[in-house]
Structures are given as C-alpha cells and as structure tokens.
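My questions are about this predicted structure, shown below with the sequence.
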Amino acid sequence: MNASRGAALAGAGIGVGLAAAMIYRSTHSTSELLPELRTVPYVDLGRYQGRWFEIAKYPTPFQGTCAKNTTAEYVVRNCGGLAVENRCTTAEGRTRSARAVASVVDDESNAKLRLKYSPIAPAADYWIVDLDQEYRYAVIGEPQRRFLWILARTPALDEQTFEDICSRLREQLYDPARLERTPQDGA
C-alpha cells in the first residue's frame, strides 16, 4: 500500500471512529422528547442510486477534514439496500473516501435506512425526510435531529429551492441556521 493511500485510509478510519462515537451518543442520550421525524412516503432505490453532491450539512466532527466537493455515490445491492461511497477533498487537495452499507429498515417506504461503515462500528439512522419528485434533491436526517444533509444531483441548488427545503425542515424541528454550505466546484 502506498503512503498516500495509507494516510487516506487512516483518515477515513479516524472519521468513521468519530462518526461511530457521535452516532452512539446521539442514539443513547437525549435531553428532550421530540415528535417523530417524518420521512417521505416512498423511495425508489433504483432512482435514488447514483451520484449526489452535498449542498449543505450540519457540521460534524467526522467530516472535519472535508473542505469541498463532498459527494455520495449510492448503488443498489443485489441482496438489498445500498452500497455507499462518500468522497470529499481536503484543504490539502487530497481525496478522502469512506464506504458503507445502507440497509432498509422500513420495507414499506424504503425511506428509513441504517448506515454501517464497518463491522465493528454501530449502525446509524439514515432517514430520507425530503425528496424531490424527480429525485433532483434529497434531505437526510435522523430522529434526534443532530445530523442533517441536503444533497442534490448537481453541484448547486437554486436559492428558492434551498429556502423551500429549509421551510419544510423548520416544520420538522430542524434549525436551518445551523446548516453549513458545502463548496462544490463540480469535480
């Protein structure tokens, strides 16, 4: 293994470890009772697969080294669920990636999934809470509302669409003021 690949894998491993700790804490401690997070009625995983650009997110420690061009690639697995590859570019210009498997936990809607980055890491809730009819954008959250991602098929969303998404997020008790835009240059 060359040194740059080893460094990238080590960085991804650190990120995954931090993610696991954050997810464990988010699912095992809550100081307030929240109404159930609503997901979309149905997700066609065949249409959902493909490349998505991260438009905005709640800041997370496990994405701390990502400076721009964060993407997610989803592929439907023969045995069900999705194979996931997240990629980003660091401030130093290196590409960082992490792979996961998303298992469907609600077969009726396909909107509730559990994401797992390694056999030893805990699984994380991955709920699709907003989805364009044409699958041009998707919003991913989790029941405690500590994590949030807005994804799009293109590197940018028009401001009206972004504001409409934020309005619906407020109704779900998310705070859009916490969103951090992700720089994208289309790479």
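Here it is on my side, so go on.

Spell out, range by range, the strands that occur in this structure.
Here the chain has its strands, by DSSP state E, at 50-57, 66-76, 82-90, 95-104, 112-116, 124-131, 137-141, 148-152, 180-181.

Mean pLDDT and mean neighbour count for the ones you listed - can I get that in a markdown table?
Any C-beta I mention is one placed from the backbone N, CA and C, and that applies to glycine too. Formatted as a markdown table, the strands of the chain follow (pLDDT from 0 to 100; neighbours: other Cβ atoms under 10 Å):
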| stretch | mean pLDDT | mean neighbour count |
| --- | --- | --- |
| strand 50-57 | 98 | 20 |
| strand 66-76 | 96 | 18 |
| strand 82-90 | 96 | 19 |
| strand 95-104 | 95 | 18 |
| strand 112-116 | 96 | 21 |
| strand 124-131 | 97 | 21 |
| strand 137-141 | 98 | 23 |
| strand 148-152 | 98 | 23 |
| strand 180-181 | 96 | 12 |
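
Throw the ones you listed into JSON lines and include distance to Pro41, thanks.
Converted to JSON lines, the strands of the chain look like this (distance: least, Cβ to Cβ, whole Å):
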{"stretch": "strand 50-57", "distance to Pro41": "20"}
{"stretch": "strand 66-76", "distance to Pro41": "19"}
{"stretch": "strand 82-90", "distance to Pro41": "19"}
{"stretch": "strand 95-104", "distance to Pro41": "15"}
{"stretch": "strand 112-116", "distance to Pro41": "12"}
{"stretch": "strand 124-131", "distance to Pro41": "9"}
{"stretch": "strand 137-141", "distance to Pro41": "14"}
{"stretch": "strand 148-152", "distance to Pro41": "19"}
{"stretch": "strand 180-181", "distance to Pro41": "28"}
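
Tell me which of those lies nearest to Arg168.
Between Arg168 and those, the shortest gap by Cβ to Cβ is with strand 124-131, which sits at 5.7 Å.

and that closest one with strand 82-90, angle?
Here the directions of strand 124-131 and strand 82-90 differ by 90 degrees (axes from the mean of the first three to the mean of the last three Cα atoms, to 10 degrees).
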